[in-house]
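Enquirer: structure for the following, please:
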Amino acid sequence: MYDKYLVSKDDTLKGIANKFNTLESTILDINNIPFPDLIREGMEIIVPQNLENYFEYYTIKDGDTLYQISRRYNINPELLAVLNGLNMDDYIYPGQQIMIPKSGYSYYITKDGDTLDIVSDRFKISKERLLSQNPTIYLAESQLMVNKTR
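Expert: Model (predicted):
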């Protein structure tokens, strides 16, 4: 779940990240920007929406793997990878931070051809509730959809 953000004259990457309760590296990754100094006034970038509600952060320790972390937090390892812009076989390194889905929510990554009916059936909720919990729905492939379960 993302929003578009227009970079203003006084913006810094750190300031933008703080504004949207995310990491600087996350903004760079989701916008495919290799270096922080490439963000300039007038650019339209994508920023995560409401991460503080749905995720916590975990700092990778020496010897960690996505599979081990997913078992520790009882989440699907493939979901953990996708949420963090990783493949299951990508190297993770000590000190790197990743997002961990909070308990009390169910998560779904959309696939090509998904409709509101399909996603609401998957969550077993009404389309109205799905829309209220996910204010920006594109149903484009790989969009994160969230349902509060508690």
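
Enquirer: check which helix or strand Asp112 maps to.
Expert: Applying DSSP states H and E as the criterion places Asp112 outside every helix and strand.

Enquirer: excluding chain neighbours, what is closest to it?
Expert: Distances taken as C-beta to C-beta, 6 or more residues apart in numbering place Glu141 nearest to Asp112, at 4.7 Å, with adjacent residues excluded. In short, each C-beta sits where N, CA and C put it, glycine included.

Enquirer: now stretch 35-42: buried residues?
Expert: Neighbour counts over stretch 35-42 (16 or more other C-beta atoms under 10 Å) mark Ile39 as buried.

Enquirer: let me fix that, I meant to ask about stretch 76-84.
Expert: 77, 80-84.

Enquirer: for the protein, where's the lowest mean pLDDT among helices and strands?
Expert: helix 51-54 (a mean of 60; mean pLDDT, DSSP states H and E).

Enquirer: just checking, next helix/strand downstream of it?
Expert: strand 55-59.

Enquirer: ok, that next one: who's next to it in the sheet?
Expert: strand 97-101 (antiparallel) (DSSP bridges).

Enquirer: and the angle from the very next helix or strand once past the partner strand to strand 97-101?
Expert: Next along the chain after strand 97-101, taking DSSP H and E as the criterion, comes strand 105-109. If you take axes from the mean of the first three to the mean of the last three C-alpha atoms, to 10 degrees, strand 105-109 sits at 110 degrees to strand 97-101.

Enquirer: now for strand 105-109, which elements pack on it?
Expert: helix 77-83, helix 116-123, strand 144-148 (3 or more C-beta pairs under 8 Å, 6 or more residues apart in numbering; DSSP states H and E).
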